[in-house]
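*Asks:* need the 3D shape of this:
(one chain, ligands or ions: 1)
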Amino acid sequence: MKICCIGAGYVGGPTMAMIAKQCPEVEVTVVDINAERIAAWQTDELPIYEPGLLEVVREARGRNLFFSTEVDDAIRAADVVFVSVNTPTKTFGEGAGRASDLQYWELCARRIKEVSTSDKIIVEKSTLPVRTADAMERVLHAGDNPVHFEVLSNPEFLAEGTAIADLENPDRVLIGGHETEAGQRALQTLVDVYAHWIPRERILTSNVWSSELSKLTANAFLAQRVSSINAISQLCEATEADVAEVANAIGTDSRIGPKFLKASVGFGGSCFKKDILNLVYLCETYGLDEAAAYWQQVVEMNEFQQTRFVKTILHSMFNTIAGKRIAVLGFAFKADTGDTRESPAIKVCRELALERAEVVVSDPKALGNAKQDLEGVESVVFEADPYAAVAGAHAVAVLTDWEAYKTLDFERIYAAMEKPAFLFDGRNMLDHAALHAMGFEVYSIGKGRLSHLD
Ligand SMILES: NC(=O)c1ccc[n+]([C@@H]2O[C@H](COP(=O)([O-])OP(=O)(O)OC[C@H]3O[C@@H](n4cnc5c(N)ncnc54)[C@H](O)[C@@H]3O)[C@@H](O)[C@H]2O)c1
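*Replies:* Next up is the predicted model:
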């Protein structure tokens, strides 16, 4: 069997590397129009950072895993074509700011139709609005092309930072197919690929529309938990309740469960916001205004939490941060990734700069992306070494939960800072009592502040 994957990004690269590793008899070619990205996949300096990814790529690359810019050749040769291109939020025209921009997906569909000379299974790997397969089938089968394309939905549930573990041992794989003979045959073909390493009971099958909608729904539910606990974090700050204690108390209820209940400066990443906005847009399209407003609030709560964090910094530092050096530790949207898309750090740094603070950004993996995200923002500098970043700072703000930040020498940091030395823990990850004992003014999310100034 030959598989082609269009899109060598955060999803296409790792998922195809895993399929190639687990199915040595399947030839997998990942193609992209971005030649730089493809070139990087061919070296040991991969274009994305993901723990364990290089080992998986190295095992299969050159054996049955190939990266190429020859899109047409790879499509033509394939039995199964995964489409894993970006589906960002539309920035123009109808639905701007909310609907998915499907232009890259549609371009792929047109390309597939154009170059194919044999029947193919087309797999939606990108996250798409429910009923996209319908539109794609119309594009693929337009005209008098004798080739048959069977479209499956196979959304990806991996999380960046743990992509390899998620792909190796997923909670479930979801495959949606049409309830026709050809649809079920195609579905079985893909089930057989995943069954190389995933227990059959964890490979869920459904109709195409349920599968498409499940991906948007999964992300909306995950993000909703973060916004829910963040909403409670505000109430905790007003009432001397401790959000970590509340989260623990509710999370031990097996009906609620403990995951995604950590109060923070907010969720980020390329998917949550875009997928919820897409869900909102879909609800509105079907005239479901109350459902749309319900999900919209999850995004608004998240943005408010970021602004609220900046306000906490400003108000606790005597209502002025103009000219003050603020060291931002962590710019990636979460630990173990260099990805900064929709990272709360972007908004926080921009708002700090608007208050004319001197912002110093540090991150072990994301400084390249951070520089692009903050291009044109005055008074921002970048410093890979966290100790250099904090030297002479009035405040430290922790925005990414990098494990390494837990073991920083905070005595040394305190000594290097202006006094009073403020520490704002946007990830509730540090030992606040110990930091307070060292002399820091400590602010976290949803917990009382620990101050020496009262
Ligand atoms: N990043 C995640 O954690 C994640 C998780 C689950 C699902 N998804 C979904 O997967 C999809 C891909 O996300 P990503 O993060 O990998 O995006 P990405 O931007 O990292 O990668 C997409 C790639 O597609 C390429 N591309 C675009 N149009 C092309 C074309 N016509 N021909 C060939 N290549 C083309 C781009 O050059 C890019 O390299 C999105 O729909 C996203 O919502 C992402």
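
*Asks:* show me what residue of the stretch 301-450 of the chain gets nearest to the ligand.
*Replies:* Using Cβ to the nearest ligand atom, Asp339 is the residue of the stretch 301-450 of the chain that sits closest to the ligand, at 7.1 Å. Quick note: C-beta positions are derived from backbone N, CA and C, even for glycine.

*Asks:* wait, what's in contact with that residue?
*Replies:* With contact set as Cβ atoms under 8 Å, 6 or more residues apart in numbering, Asp339 has these partners: Tyr10, Ile48, Glu160, Gly269, Ser270, Ala332, Phe333, Ala366, Asn369.

*Asks:* repeat that with 7 Å
*Replies:* Residues in contact with Asp339 (Cβ atoms under 7 Å, 6 or more residues apart in numbering) are Tyr10, Glu160, Gly269, Ser270, Ala332, Phe333.

*Asks:* can you check Val26 too?
*Replies:* Met1, Ile3, Ile19, Ala20, Asn64, Val193.

*Asks:* ok, and what's touching the helix or strand hosting Leu107?
*Replies:* Element membership of Leu107, judged by DSSP states H and E, is helix 103-115. Applying Cβ under 7 Å, 6+ apart, the contact partners of helix 103-115 are 6, 71-72, 75-76, 81, 83, 85-87, 122, 126, 128, 136, 139-140, 145.

*Asks:* in its sheet, what does whatever helix or strand comes next after it sit against?
*Replies:* Next helix or strand after helix 103-115 toward the C-terminus (DSSP H and E): strand 120-124. Strand pairing for strand 120-124, determined by DSSP bridges: strand 80-83 (parallel), strand 149-153 (parallel).

*Asks:* hey, C-alpha coordinates of the first one in CSV?
*Replies:* Coordinates of the C-alpha atoms in strand 80-83 are reproduced here as CSV (Å, rounded to 0.1, in the frame of the first residue of the first chain):
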residue,chain,number,x,y,z
VAL,A,80,-4.6,6.5,0.3
VAL,A,81,-4.2,10.3,0.4
PHE,A,82,-4.3,12.0,3.8
VAL,A,83,-4.9,15.7,3.7
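
*Asks:* that strand near the ligand at all?
*Replies:* No. Using Cβ under 6 Å from any ligand atom, strand 80-83 stays clear of the ligand, coming no nearer than 8.6 Å.

*Asks:* who touches that strand?
*Replies:* 1, 3-7, 75, 105, 108, 112, 120-126, 189.

*Asks:* circling back: redo the strands paired with strand 120-124 as a markdown table? Include mean neighbour count and mean pLDDT.
*Replies:* What follows is the strands paired with strand 120-124, written out as a markdown table (neighbours: other Cβ atoms under 10 Å; pLDDT from 0 to 100):
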| stretch | mean neighbour count | mean pLDDT |
| --- | --- | --- |
| strand 80-83 | 25 | 98 |
| strand 149-153 | 24 | 98 |
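
*Asks:* on that earlier part again, just the ones of the contacts of Val26 in helices?
*Replies:* Ile19, Ala20, Val193 (DSSP state H).

*Asks:* check contacts around the last one.
*Replies:* Spelled out, it's Val193. The neighbours of Val193, taking Cβ under 7 Å, 6+ apart as the test, are Ile19, Cys23, Val26.

*Asks:* for the ligand, what's its nearest residue on the stretch 151-300 of the chain.
*Replies:* Residue nearest to the ligand within the stretch 151-300 of the chain (Cβ to the nearest ligand atom): Glu156, separated by 4.1 Å.

*Asks:* same check, this time on the chain
*Replies:* Distances between the chain and the ligand by Cβ to the nearest ligand atom are smallest at Gly9, namely 1.9 Å.

*Asks:* give the contact list for that residue.
*Replies:* Contacts for Gly9 (Cβ under 7 Å, 6+ apart) come out as Ser84, Asn86.

*Asks:* which residues in the chain form strands?
*Replies:* Taking DSSP state E as the test, the strands found in the chain are 2-6, 27-31, 65-68, 80-83, 120-124, 149-153, 173-176, 203-206, 325-329, 358-362, 380-382, 395-398, 422-425, 441-443.

*Asks:* and of those strands, who's closest to Asp166?
*Replies:* strand 173-176 (10.6 Å; Cβ to Cβ).

*Asks:* got the CA positions of that closest one in CSV?
*Replies:* Presented in CSV, the C-alpha positions along strand 173-176 are these (Å, rounded to 0.1, in the frame of the first residue of the first chain):
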residue,chain,number,x,y,z
VAL,A,173,-8.7,6.7,16.9
LEU,A,174,-11.8,7.8,15.1
ILE,A,175,-12.6,7.0,11.5
GLY,A,176,-15.8,8.2,9.8
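
*Asks:* contacts for that strand, please.
*Replies:* Contacts for strand 173-176 (Cβ under 7 Å, 6+ apart): 152-155, 187, 190-191, 194, 198, 202-208, 210-212, 214.

*Asks:* so how far is that strand off the chain centroid?
*Replies:* The chain centroid and the centroid of strand 173-176 are separated by 20 Å, computed with Cα atoms, centre = their mean, to the nearest Å.

*Asks:* same check, this time on stretch 167-177
*Replies:* 18 Å.

*Asks:* so for that stretch, mean pLDDT?
*Replies:* What stretch 167-177 shows for mean pLDDT is 98.

*Asks:* repeat that for stretch 65-77.
*Replies:* Averaging pLDDT along stretch 65-77 yields 98.

*Asks:* in that stretch, what counts as buried?
*Replies:* Within stretch 65-77, the residues scored as buried using 16 or more other Cβ atoms under 10 Å are Leu65, Phe66, Phe67, Ser68, Thr69, Val71, Ala74, Ile75, Arg76.

*Asks:* contact partners for the first one?
*Replies:* Think Leu65. Leu65 is in contact with Met16, Ala17, Ala20, Val28, Val57, counting by Cβ under 7 Å, 6+ apart.
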